[in-house]
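Peer 1: build me a model:
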Amino acid sequence: MMDQRAWIGLGSNLDDPGGHVKRALEELEHLPLTRRLAASTCYVSRPIGPADQPDFVNAVATVATRLSPLALLDQLQALEQRHGRVRQRHWGPRTLDLDLLLFADYRLAWPRLTLPHPELAHRAFVLLPLAEVAPELRLPDGRSVSRLAAALGDHDVSPMLPGA
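Peer 2: Numbering: from 1, shown residues only. The predicted structure follows:
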């Protein structure tokens with residue numbers, strides 16, 4: 001397989017969330033047959049779902065990979081595990097969440113993976129950093145990521161302050 005571009009959403013709200021996201025961005029460089037091309041600023045956002053949890057730190061990375069979509073997902077889930085990810089409740093707190101947002105122009109609906117990510121177009125904490133790293137990017141259905149981000153607004157999403 002030749003190199004394909006993929007976009008990965010990163011999030012954390014436990015145990016030094018900014019540190020988890022920044023380390024995971026670096027660790028993407030070490031995935032097999034994959035290299036990181038770009039990484040967004042880190043953003044702070046309110047949690048989706050249960051409100052009884054800390055705010056999230058989010059970012060998006062662009063990678064070039066020779067892995068298949070499922071092989072990349074396996075690598076991302078292994079990276080989550082190395083960061084102590086525990087799945088206790090849906091949309092609950094986590095040390096690291098890695099979502100495969102887009103993989104080239106693939107459209108998939110498999111039991112383990114849906115591409116594009118089904119909530120991508122509705123989440124400012126994904127669209128703002130995604131538009132930052134790929135302002136010209138269009139979803140497989142032709143919608144512009146930058147336009148989707150502008151239409152959605154910031155919805156309590158703000159750049160993380162340096163040193164935070």
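Peer 1: just give me the longest helix of this protein.
Peer 2: Assignment by DSSP state H gives helix 69-82 as the longest helix of the chain.
Peer 1: I'd like the distance from that helix to the chain centre, please.
Peer 2: Chain-centre distance of helix 69-82: 12 Å, with Cα atoms, centre = their mean, to the nearest Å.
Peer 1: who touches stretch 71-85?
Peer 2: Here stretch 71-85 makes contact (Cβ atoms under 8 Å, 6 or more residues apart in numbering) with 6, 8, 12, 15, 20, 23-24, 27-28, 31-32, 34, 63, 65, 67, 94-100, 103, 112-113. In short, each C-beta sits where N, CA and C put it, glycine included.
Peer 1: which of those residues fall within strands?
Peer 2: Residues of those located in strands (DSSP state E): 6, 8, 12, 34, 63, 65, 97, 98, 99, 100, 103.
Peer 1: of those, buried ones?
Peer 2: Buried subset of the ones in strands among the contacts of stretch 71-85 (neighbour count, 16 or more other Cβ atoms under 10 Å): 6, 8, 12, 34, 63, 65, 97, 98, 99, 100, 103.
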